[in-house]
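**Q** Next come a sequence and a model predicted from it.
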Amino acid sequence: MTIEAVSDARHITKKSNEKTMRRRMLYNPKAVNKTFKKLFGELGWKAVKVR
(Lines give C-alpha, C1' and ligand atoms only; values in the text may rest on other atoms or scores of the structure.)
Protein backbone atom coordinates (compact mmCIF):
# COMPACT_ATOMS: atom_id res chain seq x y z
CA MET A 1 0.00 0.00 0.00
CA THR A 2 1.22 3.52 -0.75
CA ILE A 3 0.96 5.07 2.71
CA GLU A 4 2.67 2.12 4.37
CA ALA A 5 5.58 2.49 1.95
CA VAL A 6 5.97 6.16 2.87
CA SER A 7 5.84 5.67 6.64
CA ASP A 8 9.11 3.77 6.35
CA ALA A 9 12.19 4.55 8.47
CA ARG A 10 14.07 5.64 5.31
CA HIS A 11 12.17 8.94 5.39
CA ILE A 12 13.12 9.83 8.97
CA THR A 13 16.21 11.84 8.09
CA LYS A 14 15.49 15.38 9.26
CA LYS A 15 16.99 16.52 12.56
CA SER A 16 14.77 18.91 14.53
CA ASN A 17 16.16 22.25 15.66
CA GLU A 18 13.17 23.20 17.80
CA LYS A 19 13.89 24.09 21.41
CA THR A 20 11.56 21.42 22.84
CA MET A 21 12.57 18.63 20.42
CA ARG A 22 16.31 19.19 20.11
CA ARG A 23 18.04 16.65 17.82
CA ARG A 24 14.91 14.51 17.48
CA MET A 25 14.71 12.73 14.12
CA LEU A 26 11.64 13.56 12.03
CA TYR A 27 10.20 12.68 8.63
CA ASN A 28 11.85 14.63 5.82
CA PRO A 29 8.87 16.35 4.11
CA LYS A 30 10.58 16.67 0.70
CA ALA A 31 11.43 12.96 0.60
CA VAL A 32 7.92 11.98 1.73
CA ASN A 33 6.26 14.16 -0.93
CA LYS A 34 8.56 12.82 -3.66
CA THR A 35 7.75 9.23 -2.69
CA PHE A 36 3.99 9.94 -2.56
CA LYS A 37 4.13 11.50 -6.03
CA LYS A 38 6.04 8.53 -7.43
CA LEU A 39 3.82 5.85 -5.86
CA PHE A 40 0.51 7.53 -6.68
CA GLY A 41 1.77 8.14 -10.24
CA GLU A 42 2.36 4.41 -10.62
CA LEU A 43 -1.31 3.91 -9.67
CA GLY A 44 -2.44 6.33 -12.40
CA TRP A 45 -3.05 9.39 -10.19
CA LYS A 46 -2.24 12.81 -11.64
CA ALA A 47 -1.77 16.21 -10.00
CA VAL A 48 -4.70 18.53 -10.64
CA LYS A 49 -4.76 22.23 -9.82
CA VAL A 50 -8.18 23.78 -9.26
CA ARG A 51 -8.66 27.49 -9.82
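**A** Cool, got the structure. Residues are numbered from 1 along each chain as shown.
**Q** so what's the residue most central in space within the chain up against?
**A** Geometric centre of the chain, nearest residue: residue 32, 1.5 Å, by C-alpha atoms, centre = their mean. Contacts for residue 32 (C-beta atoms under 8 Å, 6 or more residues apart in numbering) come out as 6, 11. All C-beta spots, glycine's among them, are computed from the backbone N, C-alpha and C.
**Q** what's the distance between the helix or strand where it lies and the middle of its chain?
**A** Taking DSSP states H and E as the definition, one finds residue 32 inside helix 29-42. The chain centre lies 7 Å from the centre of helix 29-42; the measure is C-alpha atoms, centre = their mean, to the nearest Å.
**Q** now swap in stretch 7-17 and tell me
**A** The answer for stretch 7-17 is 9 Å, by C-alpha atoms, centre = their mean.
**Q** State the mean pLDDT of it.
**A** In this model, stretch 7-17 has a mean pLDDT of 79.
**Q** Please point out which parts of that stretch sit buried.
**A** residue 11 (16 or more other C-beta atoms under 10 Å).
**Q** State the distance from the residue nearest to the centre of the chain to residue 19.
**A** 24 Å (C-beta to C-beta, to the nearest Å).
**Q** Residue 5 now?
**A** 33 Å.
**Q** More neighbours: which of those two?
**A** Neighbours per residue (other C-beta atoms under 10 Å) separate residue 5 from residue 19, with residue 5 holding more: 13 against 6.
**Q** In the chain, what helix or strand scores lowest on average pLDDT?
**A** helix 2-6 (a mean of 73; mean pLDDT, DSSP states H and E).
**Q** now for the following helix or strand past that one, which elements pack on it?
**A** Downstream of helix 2-6, the next assigned helix or strand under DSSP H and E is strand 12-15. Applying 3 or more C-beta pairs under 8 Å, 6 or more residues apart in numbering; DSSP states H and E, we find strand 12-15 packed against strand 25-27.
**Q** Mind listing what's buried along the strand it packs on?
**A** Result for strand 25-27 [16+ other C-beta under 10 Å]: buried residues residue 27.
**Q** For residue 6, which non-adjacent residue is spatially closest?
**A** residue 35 (5.1 Å; C-beta to C-beta, 6 or more residues apart in numbering).
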